[in-house]
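Q: Structure for this input, please:
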Amino acid sequence: MGRFKFCSTERARRTLLTLPQALHHAVRDYPGGATAIAAVDGDTNPTTLNHKLSLTNTTHTPNIRDLELILDLTRDPRIVEAILHPIGWVGVDVSDLRETDTPRALLTGISEMLSRESTLTLHLTKSLDDGDIDDDELDEFELMAERLVHAVFRLGAAVRRANREQGVCHG
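A: Numbers count the residues shown, from 1 in each chain. Below you'll find the model as predicted:
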């Protein structure tokens, strides 16, 4: 884990984001971006929305209505993480399990995450012993830990769904 800085796209993939960063990246990743989101709403000007989501513009900022619209359309977990993480909470969306979210597939994903987490925690242990842990390492660890919690809760929902589909109820 060298001491290099991530570009904004890489940072969005590897670390927990601030709310403005999460909104910016969620809209940027949404098909059609701010224009498509504004079109769904009908009352929002796409140029104004783009200005509100700019990470360098300080004169316009997203309001609660913008937040609701963007979160409803993108369902981007980075937004929820950005809201809840600073207060020590974790939000998990288990309402949208897909057909591919089988217990077996989720367990495979969790195993892969645990392997990456293990490598990172071993590196962090060495960094802590050396007194040389950097912000990027900490950010990556926090994101991986939160994503692991999400995966475990999604696994629980998938197991419950499989149980219901089998017609088995264990009270």
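
Q: Longest helix in the chain, please.
A: Among the elements of type helix in the chain, defined by DSSP state H, the one spanning the most residues is helix 135-165.

Q: Counting by contacts, list what that helix packs against.
A: With contacts defined as 3 or more C-beta pairs under 8 Å, 6 or more residues apart in numbering; DSSP states H and E, the packing partners of helix 135-165 are helix 8-14, helix 103-130. (C-beta placed from N, C-alpha, C; glycine too.)

Q: how about the ones you listed, which one is nearest Leu71?
A: helix 8-14 (16.2 Å; C-beta to C-beta).

Q: Pull out the buried residues from the helix or strand that the closest one is followed by.
A: Next helix or strand after helix 8-14 toward the C-terminus (DSSP states H and E): helix 19-29. Judged by neighbour count (16 or more other C-beta atoms under 10 Å), helix 19-29 contains these buried residues: 19-27.

Q: so where's this structure uncertain?
A: Counting by pLDDT under 70, the chain has low-confidence residues at 1-9, 11-12, 168-171.
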